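Engineer: Build me a model from this:
(4 chains)
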Number of protein chains: 2
Amino acid sequence: MSVTDHDHPIDPERVAHARSRLPSAEDVVRLTGLLSLMADPVRLRLIYALDVADELCVGDLALALEVSEDSVSYALRLLRAAGLLSTRRDGRVIYNRLAADFPAPLRGPCLRQLAALSHTTG
Amino acid sequence: MSVTDHDHPIDPERVAHARSRLPSAEDVVRLTGLLSLMADPVRLRLIYALDVADELCVGDLALALEVSEDSVSYALRLLRAAGLLSTRRDGRVIYNRLAADFPAPLRGPCLRQLAALSHTTG
DNA sequence: GCGTTATCCGTGCACCCGTACGGAAGTGAG
DNA sequence: CTCACTTCCGTACGGGTGCACGGATAACGC
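Structural biologist: Purely as a prediction, here's the structure:
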């Protein structure tokens, strides 16, 4: 191996404790998936916008976020695939809004609080 | 242009409202940075482990997470660069723990709650 | 001082992801 | 029925990111 193998743990007790309380692989996949979805400027601001405006179509979203419609369309595609959005069709316009079961800790206000934390305490 | 330019907004009022309540570019950068950091299996589980065990060294962390030491070292490097960790040296062993100002909404328990939400309500 | 252990850092490679482009489907108006 | 409009989808390209490898640093014991 390239790196020393560290055969004997330094704190076996803590290692075992930490390992036993680690989340399941399934939860990790779910969480990283969700966080990856939020860790993008377009998608993050899109969530904010929908949280404020209830529902918006692709074109108006592009105007509000000041990005291309393609970018918004792609963002909506991913969020929809994750089941985070619900769509309503009115004629040729498709309105998007946050799904009813959208995780509350990921809604705009909570994230705003997080943003405040990261430059108030840090 | 390749895509219709959508010159006239369909809901100008909502667009303006959403745009005015959008977070600043600065906050978006900060938030996406933080979320990107969390959106990785190794780093996410590393946060969990440190939240549970208070402090651990690289080798023990690798044992607990069942990944290579290089992977842990790289994860620690990024988290440390973001100011999310504090280190304590005891002889040749360097113990890592979550920084005192580590954002509470990103600590283990809150994330666990988030994981629960995403398959309880969803 | 010397060897071993634990860890860090710089580099190169492969993979994933976001973006832009072109075409196509569905809807409403005349 | 034809045209204009809104939106979606498939594809190709560029950039960023995680990971593996090697060397280097610092500390303990003899």
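
Engineer: When you work out contacts or count neighbours from here on, use the C-alpha atoms and nothing else.
Structural biologist: Noted.

Engineer: excluding its backbone neighbours, what's nearest A:Ser36?
Structural biologist: B:Ala39 (5.0 Å; CA to CA, 6 or more residues apart in numbering or on different chains).

Engineer: show me the contacts for the one you found.
Structural biologist: Contacts for B:Ala39 (CA atoms under 8 Å, 6 or more residues apart in numbering or on different chains) come out as A:Leu31, A:Thr32, A:Gly33, A:Leu34, A:Leu35, A:Ser36, A:Ala39.

Engineer: Tell me where chain A is predicted with low confidence.
Structural biologist: The model of chain A has pLDDT under 70 over residues A:1-7, A:115-122.

Engineer: can you rerun that using 50?
Structural biologist: Low-confidence segments of chain A, defined by pLDDT under 50: A:1-3, A:120-122.

Engineer: Quick one: the strands in it, in order.
Structural biologist: Secondary structure of chain A (DSSP state E): strands located at A:85-90, A:93-98.

Engineer: so which of the ones you listed gets nearest chain B?
Structural biologist: Closest approach to chain B among the strands of chain A is made by strand A:93-98 (8.9 Å; CA to the nearest CA).

Engineer: Which residues does the closest one contact?
Structural biologist: A:47, A:50-51, A:54-58, A:84-89.

Engineer: Write the PyMOL selection for whichever of these are buried.
Structural biologist: Buried subset of the contacts of strand A:93-98, written as a PyMOL selection, criterion 16 or more other CA atoms under 10 Å in any protein chain shown:
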select buried, chain A and resi 47+50+51+55+56+57+58+84+85
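
Engineer: Out of the contacts of strand A:93-98, which are close to chain B?
Structural biologist: Residues of those in contact with chain B (CA under 8 Å from any CA of the partner chain): A:Leu50, A:Leu56.

Engineer: any idea how far the nearest residue to A:Val67 once chain neighbours are set aside lies from B:Arg88?
Structural biologist: Nearest non-adjacent residue to A:Val67, counting by CA to CA, 6+ apart: A:Val42, 8.0 Å away. A:Val42 sits 38 Å away from B:Arg88, going by CA to CA, to the nearest Å.

Engineer: Repeat that for A:Asp40.
Structural biologist: Taking CA to CA, one finds A:Asp40 at 33 Å from B:Arg88.

Engineer: cool, and A:Leu46?
Structural biologist: From A:Leu46 across to B:Arg88, the span is 40 Å (CA to CA).

Engineer: Of all residues in chain A, which one is nearest the centre?
Structural biologist: Chain A has A:Met38 as the residue nearest its centroid, 2.6 Å off, counting by CA atoms, centre = their mean.

Engineer: Let me see the contact set for that residue.
Structural biologist: A:Leu44, B:Thr32, B:Leu35.
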